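Engineer: need the 3D shape of this:
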Amino acid sequence: MALRHGEREAAMKPAQSVVSARLAAGAQIVGPVGSVFWHQGELGSGEEWPLVLKVRADRHDEVEAHLLKHHPWQNPEVAAVPIVAGVNGYLHWLETTTAPD
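Structural biologist: Residues are numbered from 1 along each chain as shown. Okay, here's the model as predicted:
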C-alpha cells in the first residue's frame, strides 16, 4: 500500500500510527520523489514522500480507513499492490505481525 505526503515529517505520523496499531508490519518512507500531476484542473509539480506499508490484503479496508481518517489531504493517493511471491520467513513475519486479535 502506498500513501503520498508533501513532507517527510507528515509521512512519519501515519507510518508510526499504522505500525503501532499493528495494521501494518512495517513502513518505509521514500523520497523525496519528483512528481508531475493534474490537480483541480491544473498541471502541477513538486516533491512528495511516498509511504510504503507492509499490509495483509485482508486488513486493507481497516488500514485505508485509518489512513483516510488521519491524512490532511482531502483526496490522498492510497493504492494497494499485491505481493505475488516472497521469502517464506518474510511472508510469515507479515502475516503474524499484523494478525487481528
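
Engineer: contact partners of the lengthiest helix in the chain?
Structural biologist: Looking across the chain with DSSP state H, the single longest helix is helix 8-20. Outside of helix 8-20, the residues within contact range by C-beta atoms under 8 Å, 6 or more residues apart in numbering are 3, 5, 24-27, 29, 31-32, 49-51, 53, 63, 66-67, 70-72. Backbone N, C-alpha and C define where each C-beta goes, glycine included.

Engineer: among those, which are in helices?
Structural biologist: Judged by DSSP H, helices contain the following of these: 63, 66-67, 70.

Engineer: still on that earlier bit, buried sites along the longest helix of the chain?
Structural biologist: For helix 8-20, burial by neighbour count (16 or more other C-beta atoms under 10 Å) applies to 10-11, 14-15, 17-19.

Engineer: report the two of these separated the most.
Structural biologist: Greatest spacing in the buried residues of helix 8-20, by C-beta to C-beta: Ala10 and Val19 (15.8 Å).
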